[in-house]
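Undergrad: model this:
(one chain, ligands or ions: 2)
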Amino acid sequence: MISRHAPDTGLLEKAATLIEALPYLQRYEGQTFVVKYGGHAMGDTAAVRDFAEDVVLLKAVGINPIVVHGGGPQIGAMLKQLGVESRFVGGLRVTDKETARVAEMVLGAINKEIAGVVVQAGGRAVGLSGKDAGLVTAEKIGGRRDADLNVGIERNVDLGFVGEPVHVDRSILDTLSAAGVVPIIAPIAPGADGETYNINADTMAGAIAAAVGAKRLFLLTDVAGVLSKDGALLTDMTPEDVATLKADGTVKGGMIPKLETCVHAVERGVEAAVILDGRVPHVILVEMFTAEGAGTLVRRAA
Ligand SMILES: Nc1ncnc2c1ncn2[C@@H]1O[C@H](COP(=O)(O)OP(=O)(O)O)[C@@H](O)[C@H]1O
Ligand SMILES: CC(=O)N[C@@H](CCC(=O)OP(=O)(O)O)C(=O)O
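TA: Ligands and ions are numbered 1, 2, ... in the order given. Here you go, the predicted model:
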């Protein structure tokens, strides 16, 4: 005879968590989510595995995740090892030929590592850069104003081989997603001039998200989200709020291209872009499947 006992409260809580996720699972089924995994968010092996598990879970519940990764700190470390000097202007790495070569090499290694960990977590993944299957064509971006703090003057800096995506051919992404494969994309792309361009990974993710009509763009970094001047987390922002925070100097450095990407993405049809703390285990699931969410969400004013 089989006897049934009332399940303990721990099990009931697990069931409640799943039920809380149900409306989100229904709402997002069949949608595409672009997840940008920043170099600062890639912690130890366990953190990368947690991230990969989230990606595999998204795919398992009928969502199509596309991963775009960074690797800024890792590129910086390799350049240092090679004795190549590097600097950032407005959150973008000034990139000469040698730097572009090193960036492509380091990002290529990270690309394969992420694809491998997703496969280990039970998913199927293929690593690409903008060069594969004509995925992304880039164009050199214009110079940037650089404030020389020592002498208090601004000058226009040529960033070298730093590009921005001008064309995305989504067909390879559609083919992979339909075949149950998660695309993992490195932010490198060729120009029509045949040169190799280094692209800020946030910018790359935003362009991909807009091209595929993603429902959500997640940008995983190493802060809780956008912080106000007194360190409080700003949970909801509109493009107008972003303009204000840029103008008054609240957002600086790498947060500038990140927020510009969010604004571009929501203006080009992405429903919402969210800046998340990639150091928090399973932060993607917390954001997507709980009523509270996490991080800073950017969307157009209602
Ligand atoms: N207002 C702000 N709120 C949060 N972070 C900010 C802000 N202004 C500047 N930052 C900086 O932006 C960084 C995130 O950008 P970045 O270093 O490029 O991250 P990633 O490598 O993940 O793309 C944070 O670590 C923080 O130092
Ligand atoms: C032009 C430019 O700045 N390219 C970036 C590409 C990698 C990147 O963006 O990585 P994170 O997301 O980890 O910062 C770089 O060279 O660092």
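
Undergrad: element containing the residue most central in space within the chain?
TA: Geometric centre of the chain, nearest residue: Lys36, 1.4 Å, by Cα atoms, centre = their mean. Here Lys36, judged by DSSP states H and E, is contained in strand 32-37.

Undergrad: swap in Leu245?
TA: Going by DSSP H and E, Leu245 is in helix 239-247.

Undergrad: For that helix, enumerate the helices and strands it packs against.
TA: Applying 3 or more Cβ pairs under 8 Å, 6 or more residues apart in numbering; DSSP states H and E, we find helix 239-247 packed against helix 255-267. Yep, even glycine has a C-beta here, placed from its N, CA and C like the rest.

Undergrad: mind checking how far the helix it packs on is from the chain centre?
TA: Put simply, helix 255-267 sits 11 Å off its chain's centre (Cα atoms, centre = their mean, to the nearest Å).

Undergrad: Could you give the average pLDDT over stretch 292-301?
TA: Across stretch 292-301, the average pLDDT comes to 91.

Undergrad: Which positions within it qualify as buried?
TA: 293-299 (16 or more other Cβ atoms under 10 Å).

Undergrad: ditto for stretch 212-223
TA: With burial defined by 16+ other Cβ under 10 Å, the residues of stretch 212-223 counted as buried are 212, 214-221, 223.

Undergrad: Keep only the residues you listed that also lie close to ligand 1.
TA: Among these, proximity to ligand 1 is found for 221, 223 (Cβ under 6 Å from any ligand atom).

Undergrad: and the buried residues of stretch 212-223, which of them are in strands?
TA: Counted as lying in strands by DSSP state E, out of the buried residues of stretch 212-223, are 216-221.

Undergrad: and which of those residues is nearest Glu139?
TA: Proximity of these to Glu139 was ranked by Cβ to Cβ; the top entry is Leu217 with 21.4 Å.

Undergrad: From Val266, how far off is the closest one?
TA: Distance, Leu217 to Val266, by Cβ to Cβ, to the nearest Å: 8 Å.

Undergrad: which residues are in contact with both of those two?
TA: Listed as contacting both Leu217 and Val266 by Cβ atoms under 8 Å, 6 or more residues apart in numbering are 272-273.

Undergrad: can you pull out the helices in the stretch 151-300 of the chain?
TA: 171-178, 201-212, 239-247, 255-267, 283-289 (DSSP state H, counting those that start in this stretch).
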